[in-house]
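>>> fold the following and give me the result.
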Amino acid sequence: MVSEAPPFWWTKADWRVWALSPVSFVYGAVSGRRMAKSKRAQAPLPVICVGNFTVGG
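Model prediction:
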């Protein structure tokens with residue numbers, strides 16, 4: 001099974017990228033702050049994670 005990069009990865013950024021970038025910065029700041037302020041869970045036993053976070057491992 002071979003994966004190929006989507007064609008839009010290689011196209012030049014157009015006006016939509018620049019128009020939406022302020023929204024992206026605000027979203028990143030809000031979500032980063034929420035993650036920093038949230039309580040972290042402590043597992044009672046050691047945990048081993050197998051896989052890739054991106055694909056749900």
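>>> off-centre distance for the host helix or strand of residue 19?
Counting by DSSP states H and E, the element that carries residue 19 is helix 15-37. Centroid separation for helix 15-37 versus its chain: 11 Å, with C-alpha atoms, centre = their mean, to the nearest Å.
>>> do the same with stretch 5-18
Computed by C-alpha atoms, centre = their mean, the chain-centroid distance of stretch 5-18 equals 18 Å.
>>> what's the end-to-end length of it?
23 Å (C-alpha to C-alpha, to the nearest Å).
>>> residues of that stretch that come out buried?
Judged by neighbour count (16 or more other C-beta atoms under 10 Å), stretch 5-18 contains no buried residues. For every residue, glycine as well, the C-beta is placed using N, CA and C.
>>> average model confidence for it?
Stretch 5-18 comes out with an average pLDDT of 88.
>>> ditto for stretch 24-31
For stretch 24-31, mean pLDDT rounds to 96.
>>> extract the C-alpha trace of it and format it as CSV.
The C-alpha atoms that make up stretch 24-31 are tabulated as CSV, following Å, rounded to 0.1, in the frame of the first residue of the first chain:
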residue,chain,number,x,y,z
SER,A,24,-5.6,30.1,12.6
PHE,A,25,-3.5,32.1,15.0
VAL,A,26,-6.4,32.8,17.3
TYR,A,27,-7.6,29.2,17.2
GLY,A,28,-4.0,28.0,18.0
ALA,A,29,-3.7,30.4,20.9
VAL,A,30,-7.1,29.5,22.4
SER,A,31,-6.5,25.7,22.1
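>>> show me what counts as buried in that stretch.
Neighbour counts over stretch 24-31 (16+ other C-beta under 10 Å) mark no residue as buried.
>>> now do stretch 33-40
Judged by neighbour count (16+ other C-beta under 10 Å), stretch 33-40 contains no buried residues.
>>> CA atoms of it as CSV?
Written as CSV, here are the backbone C-alpha positions of stretch 33-40 (Å, rounded to 0.1, in the frame of the first residue of the first chain):
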residue,chain,number,x,y,z
ARG,A,33,-4.2,27.9,26.4
ARG,A,34,-6.9,25.3,27.1
MET,A,35,-4.4,22.5,26.9
ALA,A,36,-2.0,24.3,29.2
LYS,A,37,-4.7,24.9,31.8
SER,A,38,-6.3,21.5,31.7
LYS,A,39,-5.7,18.9,34.4
ARG,A,40,-3.4,16.1,33.4
